[in-house]
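sequence unknown, structure follows:
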RNA sequence: GGCCGAGUAGUUCAGUCGGUUAGAACGCUAGCCUGUCACGCUAGAGGUCGAGGGUUCAAGUCCCUUCUCGGUCGCCA
């Protein structure tokens, strides 16, 4: 009950029959079914209620109002002669006595029909986002977002985490993206940077003695948009724990996320705690991706050795990866389409061949395997009716292309993907270092502030030449769900000595650490707790829960 | 920034080999209709075919330039 209404438009039921009520909402539709006889649909946030028009006077009043105007209707509830079981309020209707226009819609033609706004052109939807959001199907994703955020807060609080806010106007931070800059009025020529993540602040909080921190944190990165990535700003469930290991972080999310996915998601949660852990190297070998979609039952096989000396130039001296797709009955045209799709995404065209119903190899590059058919069949455990997609190139290229082939084939060839479930996994053991493509020298692979597995010892061994630095892994991890990278996190390097040594490996030193991150470095010199954290993307999570493929569907004002 | 695709009525789209007056559905307007709920029926209004240039007797359609949007790669924890 407010000044404008006694009930909402989603509230009235049979038991309200006979009551005098006042409703307020948008005039969604008018169905004229006779002379001076019509049904008006009134809509507010909570639902719709039918208003019945039976007199010439009421008919005249409603005819003078454009759809989507806001109106107030005072009247009496009565049972419908022909109820509609599909609607929560379908048993009743309101007989109006007084109608007032609260907010007139000046246009009788809208940019799109409210209830079909999702079919409209996206730029029109965004321009008229306030109309788009009147569509319950659009609005419900935003409601879902609110519920998920509330549930996350509740779960994190229940796990003993405290929500602490961190600055928005700050100094440039260590992440790799471009910063957004804000001119500083009092210091002409200088700028604030908007945080790409609250990374440094939360680590300082750990050093201060706060034990468990979290925040639904806005992050700002000046990068181009993607279907699953908002341009500019997005939100993370940022968290950090003191005196904690990688497994401690995993345990929290394995406890927090599945119930929320189960309750608010479109599908069932197929993974139970503990989620599967997959090493980075293994993920790249087996799935051709560091964000595998475990709903797909296909894997990548290495056939490099087998493919030498075939007389097929693209395979010579290259890494060759194959993805066998069993039970495949695609036509030649469909296979070409699949390969073209892979080429668009991976930038490299895959090769292919297939086994027919008798198991004989045919098509594509099959002829080059003459004399080696059995070897290939054994290597791939090849049965009949199987399409083999093949990628060749430098190791990383071949892996990446194979990963795209795997996801494309999984999505397009029936029987290899059970779409309607959530499959979580952790990708662990990311390499600490790599050989830079441009420099040709050793560089940090990811975040330089992750703790190397093996600590100072392993770095010293590498320095003495006993350990290949490329084999050093970091306590750095990604949480992946259905092929979407939900989150990445790490056990942080809290020890200045290890930090300096890690930097020395890439020809940097203490001065560079100090220069780049003075606050954190200094703080760690006063006794820091070992700590670890992670930051799942809220937008991507809601996207998965809503079953949407565009991140703009779950953001109120994209 | 590279590549691919799209742009035609308020909206979503069709438009054949370049050929008469550019069509459909929804929406809108008017009329009919007393139980609809994606109401139904009849009629009508509504178009700079994204923009500019070119080829041609003739361009929505072919060519060039350009703009906008989407996807993707680069980029991005």
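In hand now; what should we look at? Since the model is a prediction, treat every value here as computed from it, not as a measurement.

Only C-alpha atoms from now on, for both contacts and neighbour counts.
OK.

Report the mean confidence score over the one helix or strand residue A:182 maps to.
Taking DSSP states H and E as the definition, residue A:182 sits inside strand A:181-183. Regarding strand A:181-183, the rounded mean pLDDT is 84.

and that strand, which residues are buried?
Going by neighbour count (16 or more other Cα atoms under 10 Å), the buried part of strand A:181-183 is residue A:181.

What of stretch A:295-308?
Those would be A:295-296, A:298-304, A:307-308, for stretch A:295-308 by 16+ other Cα under 10 Å.

again, but for stretch A:86-95
For stretch A:86-95, by 16+ other Cα under 10 Å, it's A:89-95.

who does the strand holding residue A:182 pair up with?
strand A:191-193 (antiparallel) (DSSP bridges).

any idea how far the next helix or strand along the chain from the strand it pairs with is from the chain center?
Next helix or strand after strand A:191-193 toward the C-terminus (DSSP H and E): helix A:199-208. Computed by Cα atoms, centre = their mean, to the nearest Å, the chain-centroid distance of helix A:199-208 equals 26 Å.

helices or strands up against helix A:199-208?
strand A:212-221, strand A:232-242, helix A:518-524 (3 or more Cα pairs under 8 Å, 6 or more residues apart in numbering; DSSP states H and E).

Show me which residues of the stretch 101-250 of chain A are close to RNA strand B?
A:108-113, A:119-124, A:175-178, A:197, A:221, A:223-227 (Cα under 7 Å from any atom of the strand).

Drop the exposed ones from the residues you listed and show what's left.
Buried among these (16+ other Cα under 10 Å): A:112, A:197, A:221.

closest to RNA strand B among those residues?
When these are compared for distance to RNA strand B (Cα to the nearest atom of the strand), residue A:112 wins out at 4.5 Å.

SS state for residue A:414?
coil (DSSP: H, G, I helix; E, B strand; the rest coil).

Now do it against residue A:381, distance only.
As judged by Cα to Cα, to the nearest Å, residue A:414 and residue A:381 stand 20 Å apart.

neighbour-wise, which of the two wins?
Set residue A:414 next to residue A:381 and count neighbours by other Cα atoms under 10 Å: residue A:414 wins out with 14 against 10.

Kindly provide the distance from the residue nearest to that one when sequence neighbours are not counted to residue A:79.
Closest residue in space to residue A:414, ignoring its immediate chain neighbours: residue A:328 at 7.8 Å, by Cα to Cα, 6 or more residues apart in numbering. Going from residue A:328 to residue A:79 by Cα to Cα gives 57 Å.

Between the buried ones among the residues of the stretch 101-250 of chain A next to RNA strand B, which sits nearest residue A:453?
Relative to residue A:453, the closest of those is residue A:197; by Cα to Cα it sits at 24.0 Å.

surely the closest one meets residue A:219?
Yes. Contact criterion Cα atoms under 8 Å: residue A:197 and residue A:219 qualify, at 5.1 Å.

for chain A, which spans come out with low pLDDT?
A:173-175, A:437-438 (pLDDT under 70).

Determine the longest helix present in it.
In chain A, ranked by residue count with DSSP state H as the criterion, the top helix is helix A:136-158.

Find the nearest non-adjacent residue to residue A:364, please.
Closest to residue A:364 by Cα to Cα, 6+ apart is residue A:353, at 4.8 Å.

residues touching that neighbour, list them.
A:361-366, A:387-389 (Cα atoms under 8 Å, 6 or more residues apart in numbering).

Then residue A:189?
Contacts of residue A:189 by Cα under 8 Å, 6+ apart are residue A:183.

now the lengthiest strand in chain A: how far from the chain's centre is it?
Determined from DSSP state E, the single longest strand within chain A is strand A:20-34. What separates the centre of strand A:20-34 from the centre of its chain is 39 Å, taken as Cα atoms, centre = their mean.

Same question for stretch A:139-154.
On Cα atoms, centre = their mean, the centre of stretch A:139-154 falls 15 Å from that of its chain.

Tell me which residues of it come out buried.
A:139-142, A:144-145, A:148-149, A:151-153.

Out of those, flag the one nearest to RNA strand B.
Nearest to RNA strand B among these, with distances taken as Cα to the nearest atom of the strand, is residue A:141, at 17.2 Å.

wait, doesn't the closest one sit right on residue A:546?
Yes. Between residue A:141 and residue A:546 there is a contact under Cα under 8 Å: 6.5 Å.

Give the residues shared as contacts by the two.
With contacts taken as Cα under 8 Å, 6+ apart, the residues that reach both residue A:141 and residue A:546 are residue A:554.

one step back: which of the contacts of residue A:353 are buried?
Of those, these count as buried by 16+ other Cα under 10 Å: A:361, A:366, A:387-389.

if we take the residues you listed, which one ends up nearest to residue A:237?
Using Cα to Cα, the buried ones among the contacts of residue A:353 come closest to residue A:237 at residue A:389, 38.6 Å.

Name all residues that make contact with the closest residue in space to the closest one that isn't next to it in sequence.
Spatial nearest neighbour of residue A:389, chain neighbours left out: residue A:352 (4.5 Å); criterion: Cα to Cα, 6+ apart. Residue A:352 sits next to A:363-366, A:387-390 when contact means Cα under 8 Å, 6+ apart.

With residue A:452 instead?
Residue A:452 neighbours (Cα under 8 Å, 6+ apart): A:432, A:458, A:472-475, A:493.

if you skip the residues just before and after it, what's nearest to residue A:229?
Counting by Cα to Cα, 6+ apart, the residue nearest residue A:229 is residue A:551, at 6.3 Å.

Which residue, neighbours along the chain excluded, lies closest to residue A:491?
In space, residue A:491 is closest to residue A:532, 4.0 Å off (Cα to Cα, 6+ apart).

can you check residue A:103 too?
Nearest one to residue A:103, counting by Cα to Cα, 6+ apart, is residue A:70 at 4.8 Å.

Look up how far RNA strand B lies from the one you found.
15 Å (Cα to the nearest atom of the strand, to the nearest Å).

Count residues in the vicinity of that residue, would you?
21.

same question, the one 4 residues further on
With neighbours defined by other Cα under 10 Å, the count for residue A:74 comes to 21.

That one sits in which helix or strand?
Counting by DSSP H and E, residue A:74 is found in strand A:70-79.

Neighbouring strands of that strand in the sheet, and parallel or not?
strand A:20-34 (antiparallel), strand A:92-103 (antiparallel).
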